[in-house]
Structures are given as C-alpha cells and as structure tokens.
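Trainee: Sequence first, then the predicted structure, then my questions.
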Amino acid sequence: MTVLRTVATADLTSSDRARLRALLDDAFAGNFDDHDWEHTLGGLHILISVDGTLIAHGAVVQRRFLHQGRSWRCGYVEAVAVHPAHRRRGFATAVMTEAERIIDNGYALGALSASRAGRALYLTRGWHLWPGGTAVVTPTGIRRTEEDDDSTLVRPVPDGTPLNEAALLICDWRDGDVW
C-alpha cells in the first residue's frame, strides 16, 4: 500500500528522522551533507511510503527573500528525493503536487534550487528559471551568487502579484549552500 503524509518537523519521530536521513543519503548518493540536512528541517515534510518503507520525500521550509524593496515569505522546496529503486514511477510528481499545494495556500512565493538532472521535473510543472540574477544577504551585506543563477527556479505568485524578472532575487543567509 502507498501512503502519502505531510508532517511538520516537530512531529517526526526519532525513527522517522533516522529513516528520512537514510533515504536522503541513499537518494543523493552520498552528496547530502549536514548543512543540507539542516536546511531540510523546520517546515513541512511530504513523505511517501510503500508497504511501510519510506521511498520519497520533499520539504517546504519558510525563507525570507528580498525583491524590489519588499520582503517575501517564500515556501522553499528542499530535499526532493526518491529512493533509486522507486524512480520514474510518479513519486516525485506526487511529492511536488503536495509541495505546490502548501506553497500556493501558505506563501507569497515558491522557490527552489534544482540540479541539472532534476530541472525537467520542475519546468514541466510550471516552475521557471529566475532570469534576473540571484544574491544573498550575508552577515556583511548583499553578495551576488552568479553560480546559482542557472539553478534557481520560482513558482508564479499565487495572488498574481507581478515580480520584476529583470531584478535580483535575494535570499536570506544560511550556512552551507545558500540556495
């Protein structure tokens, strides 16, 4: 039986956390570090289990973005992963359908950083590459993040508020990868 559930980080049991970290380590083939884990926590987790085994995950965490002189409450998608043995069966699509529902009903903006391998999933769902460039608010001021310009995707604002796609999108600071 396949079960999809949405759970706040605070409601994950220690067993859930251990199974989740193991899934992410397997799905990202060892390229999921402690900073990535930290970025995944604090929001809502979309978990898919098949016959009691956790096989897919995605999280939506709140971040603050600056754009055109305004602070935006952003639903940021983290750690979308499907166990290698269960890929290409629609599980990532199911995770993103729930993530988008959360973003559309709870945030002013959706964003994520996509690998080249994962980008097609998001583009086919209406996410688009941010054309205006990216930056981060660091402890010493705003710094451009050109290396992230080609991986930052946004979801159209649910209330229709237009974004200036020629302007920088500036994310809040965090340790590790900022985007």
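Mentor: Happy to help now that I have it. Numbers count the residues shown, from 1 in each chain.

Trainee: Which pLDDT value goes with the residue nearest the centre of the chain?
Mentor: For the chain, the residue nearest the mean C-alpha position is residue 77 (1.5 Å; C-alpha atoms, centre = their mean). Residue 77 carries a pLDDT value of 98.

Trainee: so how far is residue 159 from it?
Mentor: According to C-beta to C-beta, to the nearest Å, residue 77 and residue 159 sit 19 Å apart. The C-beta positions use only the backbone N, C-alpha and C, and glycine is treated the same way.

Trainee: One more: residue 151?
Mentor: Applying C-beta to C-beta, the value for residue 151 to residue 159 is 26 Å.

Trainee: Show me where the chain has its strands.
Mentor: With strands called from DSSP state E, the chain shows them at 2-8, 44-50, 53-67, 70-82, 109-113, 128-129, 134-138, 141-144, 152-155, 169-171.

Trainee: what's the longest helix in this protein?
Mentor: Counting residues, the longest helix found in the chain (DSSP state H) is helix 91-106.

Trainee: Now do it: distance to the chain's middle.
Mentor: The chain centre lies 10 Å from the centre of helix 91-106; the measure is C-alpha atoms, centre = their mean, to the nearest Å.

Trainee: What is the end-to-end distance of stretch 165-179?
Mentor: One end of stretch 165-179 to the other measures 18 Å (C-alpha to C-alpha, to the nearest Å).

Trainee: Could you pull out the buried residues of it?
Mentor: Applying a neighbour-count criterion of 16 or more other C-beta atoms under 10 Å, one finds 168, 169, 170, 171, 172, 178, 179 buried in stretch 165-179.
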